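Student: Sequence and predicted model, in that order:
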Amino acid sequence: MPFMLEFRSSSVPLVTRANRSGTGNRVKIKTALLSTLALVAGLPLLLLALLLLQPSLLRAPLGMVAGWLTGLEIRIDGDLSLRPSPTPVLRAGRVTLRNPAFAEQPSLAELGLLELQLDLSSLLGDRIRLPRVVLTDASIHLARDQAWQGNWETGGGPDGATALPMVDHLSLSRIRLSYRQPGTPPLEARIETMEASIDPERGIQARLAMEVDGTPYRLEATSGSRGEGGFPLQAALQGADATLDIGGSLGWPLLETVATELRIRAQGKDLARSAALLAQPLPPLKEFAVDTRLHLSAGKLRLEKLRLQLEQTTVSGDLTLDSSTDPPQLRTTLAVDRIPEELLQRLLQWPRGGDGGQLPASLPDARFSLTLGRLDWHGQPVRDIRTNGRLAGGRLEAGLQGRPAFAGRVAARLQLTLDDASLPYRLTLSGRDLDLQRLSALLQPGEKRDLEGDIGQAGLELAGRLHPGPVTAGLTRLEATLRDARLDLPAGRGGRIRLRLQHAAARAGNRDARIAGEATGSVGGSPLTLAYRLGTLGGLAGRSAQPLWLKLRADPDTRLLAELEGSYRIVDSGLRYDGRMTARTDSLGQAGVPFGLRLPDLGAVTLETEIGGDPAGLTWSNTRMELDGGRLDGSGELHYAPLNYRLQATLQGRDTRLLRSLFGFAGAADRPLRGEVELSGGADRIDYRLSRLDIGSTRLSGSGAMLHGPNGNRFEGDLLMEQLQLDDFIPDEGSQAPPPAPATGADTRLIPALAIDTRWLQRLTLDLEVDVRHLLEGKDDLGEYRIHASVADGTLSTRVGIRSKYIPSIDLTASVSNRGDSSEIDFRTEVKDLDYGALFRIFDISDRIEGRLDLELRFRGGGRDLRSLLAAGEGEVVLSGGEGRLDFEALRLWGGSPVDLLLPSALLGKRTDRLECLAARYRLTPGRWVSDGIVLNLEKVLISGAVELKLPSERLSGVFRPQPKESRLVTMDTPISLSGTLARPVAGPAATDALVAVGKLAVGISNPAALVVLFGSLGNTVENPCEAVLSGTLKMPRDLRQELEETTTRPLRGLVEGVEKGTAPPPAPAGPLVPAGQ
């Protein structure tokens, strides 16, 4: 029977440490194995006895050999057995390989069961043969440290090259593998099964099934017999919806004299998922494909005909790395056709992780070149991107240029010394024909862009040393230039600031030099010069205060000069600054024009203030503004996030010229003023408090708030006027220049074409109370006035209440509504017992007028301007008054020549006359204002008439007839006609042709009272003509011809035929308007 001898050892721990000092060649390995086997074969009985007495003795030589081969500390804690034969079998359980000292984990591998069969006869040949190798239930932990050294790279073991062993059958199962390296997620893999055979003569066959991070993979590899060029290799890997095919010749050992030439092809549906095997995170890209040829020979690596397809992007080129030289040489040339914007955004948002690592101790000499056909970013293409550079002797030089959509050409150049620990650098940037609107859209996508313009040339040069902190910390040189720049900046109310710069520069030659610069150009066509000095480059990164000086000089016509002098410093929260600013100008209004600001024309202005600020906000104090006629003093603070502010100001004026400029009180009298106001609020609310505003003897105060919302603003508040003196707002006599004469051919209509724009009502909600406790005209108290105004849903509503002995009763309501491009107004008022005589006396018009009247007014209309509004309006006006007294001199001042015509000459010698009543009624229809009767019933004379006003032409047609009540006065049979326009009325005796027109007018008037007035019968047939006009009770006579013949005299004979037939007979000579002697 065959001889078999088996040795077993109990589970006694054995720890061996590698002897790292042997010659370490293949001969030593064979010698050690032969010596061990000879000892076993030659002394079986002695060995058997020793094993029976001390089984652990067998572990020592085996552990020493394994440790010597691997350079690792080996511990065998399980069973150990050896079955002697020509092909002995060694079985070991619970084998632990200890990690080197620098590794974090204690063990590199824990092997559950290792079985190894050795062909002893192969020890006498050139190659070791292992008929069977089995490894099961193992955990292997591979890792690299920050210096990139692997825990399996111990540096121990034999020296020299080792021939590839022959393994008839290699079996692995249930192997857990982990791999960790700095800056990347850990890799976890599990080898379920692996079956392989390795025969250098006949080739290699291998099959592998494993899981990596839960994803299954399968590998099949086949190699033929080794030829002169290496092993023919064919391998395929499948998993994670990807395939990898490798074919060619594999040289062994790698990077030695035998060349490796492989063609590598891969494709998949998810690059990041497929890259799990590489233990290196890759961008989150989807479809990919790789095709390249790999050459390895004598320390040289070369990738030829590289073609990489990443979704819609194609990369092609070559790469060569020669590590046989000192230093290694790297050459690469790549070309990219295009990078879509969506792909670029995913690449930029990809979290790479890690701390960036450190520069390697030695760098290769390299030359690189990259071309990119097109890159899209925020909808803008960048074309013809080219970058190239070289790295030699620890010095990097690189250049970049391209044609972005926002510029004709941009270029950059970098010089960086890498073998100097301080990393000195020089960076140069340049560009030409820069479009600022496109550039701002690129830098701030999605935001509103009001900046427009272009820059002819721009350049920036920086030099310094790279620093882990801010870039300014290592900056040693700065130079910036700007030429031929045109900037259009937004200003208030849709205006633009047009800034032109012929030249602008900033420079600092070293860290200790002051940063200085200047700019020359124009603003809105007005010359502009700017000069400034800042701190030093070294001070930019420090915490000490740095000086700040700025001087601005603009338009010589306004002599605007501003100067700021102070300091700034860097604090933990950012930039902190403070200083004192002064500004002077001969005309504030003109000075604001170039900057697109509509400032009030306050004349010469001088400003002095102290300012301070930081990233959180701004404060100003001791502010003093000297104005023409007054002064403003104040202080305040502004916080940025969240936005809130507070402003306190005191206004002092020698007169009201300041208010006239600020608020448009063009005719206000000159009165001293003083006020105190406080504003506070934030991004959504502004609160105001007017502690006091005194204008002459007028006293105002109030408070309120404005709230900002997505649909507009809401204003609420109240204004209290303890007393409002009208004299404070009425121009002093002689202070107003006469209005200029209208130009030839100019529109002379009296009603102005004033635009009515109420679109702002759609963006405002208002609730305001105005309380005037005492309305004064001199020493006379006109009463208390309360006004309530509200705005909601685009409609302004107003109600006025008055308590006054001069206006005992009033009801006034008004509303203004926005209807797109036009406005609609509804106005209603009813006044009872208005004492107009007292008001005339108070306002120094006449002290000989007495009387009271009632007024009713209703009007509703719409339009874009005042003319179209009145022309399209509808409504009614009723005016009535009782007994009183009129001042004819005052009437002549108002009425001019029509008064002389209407009043008999016998009355002109009298200054006053008693008024029995007055009445008038007007109907307002689109395009026409028509009177239904006008009566002025005096003690001596009755004046009656009718008027029509056509709009928007303002043409007048009217007739009036004065009729004396006493028979001793001469009868005036000739009516007075009124024609012309509102601006230029014409009055005179009514001739036949005029009376025909008036007759037509009278016939068209619905109220018959006008006809009666026209034909002079009102004073004779109606007991109370004013009530008849107001009530409309007069009836049309049955026989118009008879009424005409009975009530008219010579000038109107034959008028009936003219009225009826549309013609009129030639007029008879008219008698004198006032008979001789009267």
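Tutor: Now that the structure is in, tell me what you want to look at. Numbers count the residues shown, from 1 in each chain.

Student: The closest residue in space to residue 653 that isn't next to it in sequence bridge partners, please.
Tutor: Leaving aside its sequence neighbours, residue 653 sits nearest to residue 630 (CB to CB, 6 or more residues apart in numbering; 3.0 Å). Where C-beta positions appear, they are placed from N, C-alpha and C, glycine not excepted. Under DSSP bridges, the beta-bridge partners of residue 630 are residue 627, residue 653.

Student: Pull up the gap between residue 630 and residue 401, please.
Tutor: 59 Å (CB to CB, to the nearest Å).

Student: Looking only at neighbour counts, state which of these two leads.
Tutor: Taking neighbours as other CB atoms under 10 Å, residue 630 and residue 401 compare with residue 630 leading, 22 against 15.

Student: my read: the more buried one touches residue 650, true?
Tutor: No. The pair residue 630 / residue 650 is not scored as a contact, 10.7 Å apart, by CB atoms under 8 Å.

Student: List the contacts of the nearest residue to residue 873 once chain neighbours are set aside.
Tutor: The shortest distance from residue 873 to any non-neighbouring residue, by CB to CB, 6+ apart, is to residue 861 (2.8 Å). With contacts defined as CB atoms under 8 Å, 6 or more residues apart in numbering, the neighbours of residue 861 are 824-825, 869-870, 872-875.

Student: Give me the distance between residue 861 and residue 951.
Tutor: As defined by CB to CB, residue 861 lies at a distance of 10 Å from residue 951.

Student: Residue 651 now?
Tutor: 44 Å.

Student: cool, and residue 698?
Tutor: Taking CB to CB as the measure, residue 698 falls 38 Å from residue 951.

Student: Does residue 323 touch residue 299 like I think?
Tutor: Yes. If you go by CB under 8 Å, residue 323 and residue 299 touch, sitting 4.7 Å apart.

Student: end-to-end on stretch 259-274?
Tutor: 29 Å (CA to CA, to the nearest Å).

Student: who wins for most neighbours among the contacts of residue 861?
Tutor: Most neighbours among the contacts of residue 861, by other CB under 10 Å: residue 869, with 22 neighbours.

Student: Reduced to three states, what does it come out as?
Tutor: The three-state label for residue 869, taken from DSSP: H, G, I helix; E, B strand; the rest coil, comes out as helix.

Student: what sits against it?
Tutor: By CB under 8 Å, 6+ apart, the neighbours of residue 869 are 756, 823, 825, 861-863.

Student: Need the CA coordinates for the helix or strand that contains residue 568. PDB is fine.
Tutor: Using DSSP states H and E, residue 568 maps to strand 561-571. Extracted C-alpha coordinates of strand 561-571, given in PDB (Å, rounded to 0.1, in the frame of the first residue of the first chain):
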ATOM      1  CA  LEU A 561     -16.300 118.500  -6.200                       C
ATOM      2  CA  ALA A 562     -16.500 115.600  -3.700                       C
ATOM      3  CA  GLU A 563     -13.700 114.300  -1.400                       C
ATOM      4  CA  LEU A 564     -13.700 111.400   1.000                       C
ATOM      5  CA  GLU A 565     -10.900 110.900   3.500                       C
ATOM      6  CA  GLY A 566     -10.800 108.200   6.100                       C
ATOM      7  CA  SER A 567      -9.600 104.700   6.800                       C
ATOM      8  CA  TYR A 568     -10.600 101.100   6.500                       C
ATOM      9  CA  ARG A 569      -9.500  97.800   8.100                       C
ATOM     10  CA  ILE A 570     -10.200  94.100   7.700                       C
ATOM     11  CA  VAL A 571     -12.100  92.600  10.600                       C
END
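
Student: now for that strand, which elements pack on it?
Tutor: When contacts are defined as 3 or more CB pairs under 8 Å, 6 or more residues apart in numbering; DSSP states H and E, strand 561-571 packs onto strand 546-553, strand 574-585.

Student: wait, doesn't residue 677 sit right on residue 633?
Tutor: No. The pair residue 677 / residue 633 is not scored as a contact, 11.5 Å apart, by CB under 8 Å.

Student: So which of these two has more stuff around it?
Tutor: Ranked by neighbour count (other CB under 10 Å), residue 677 and residue 633 place residue 677 first, with 17 against 14.

Student: Quickly list what residue 387 is bridged to.
Tutor: Beta-bridge partners, per DSSP bridges, of residue 387: residue 370, residue 400.

Student: That one: what's it in contact with?
Tutor: Contacts of residue 387 by CB under 8 Å, 6+ apart are 368-370, 398-401.

Student: before we move on, back to that, so what's in contact with residue 677 and residue 633 at the same time?
Tutor: residue 649.

Student: So residue 376 versus residue 1028, what's the distance?
Tutor: 86 Å.

Student: Could you check which of these two is surrounded by more residues?
Tutor: residue 1028 (22 against 18).

Student: which strands and helices sit next to whichever strand or helix holds that one?
Tutor: Mapping residue 1028 onto the secondary structure by DSSP H and E places it in helix 1025-1031. Counting contacts by 3+ CB pairs under 8 Å, 6+ apart, helix 1025-1031 packs against strand 874-881, strand 912-925, strand 928-938, helix 1018-1021.

Student: hmm, back to that, which one of the contacts of residue 869 is nearest residue 956?
Tutor: residue 861 (20.3 Å; CB to CB).

Student: For beta bridges, what are the partners of the closest one?
Tutor: Note on residue 861: beta-bridge partners by DSSP bridges are residue 825.

Student: Spatially nearest residue to residue 696, not counting backbone neighbours?
Tutor: What sits nearest to residue 696 in space, not counting adjacent residues and going by CB to CB, 6+ apart, is residue 671, at 3.2 Å.

Student: tell me the secondary structure for that neighbour?
Tutor: coil.

Student: What about it, how many residues nearby?
Tutor: Per other CB under 10 Å, the neighbour tally for residue 671 reads 20.

Student: what's the overlap in contacts for residue 861 and residue 951?
Tutor: With CB under 8 Å, 6+ apart as the test, residue 861 and residue 951 both reach residue 870.

Student: distance between the ends of stretch 568-580?
Tutor: 12 Å.

Student: Return the residues in contact with residue 938.
Tutor: Residue 938 sits in contact with 886, 907, 913-916, where contact means CB under 8 Å, 6+ apart.

Student: if you set the cut-off to 7 Å instead, what comes out?
Tutor: Applying CB atoms under 7 Å, 6 or more residues apart in numbering to residue 938 gives the contacts 913-916.

Student: That concludes my questions; thank you for your assistance.
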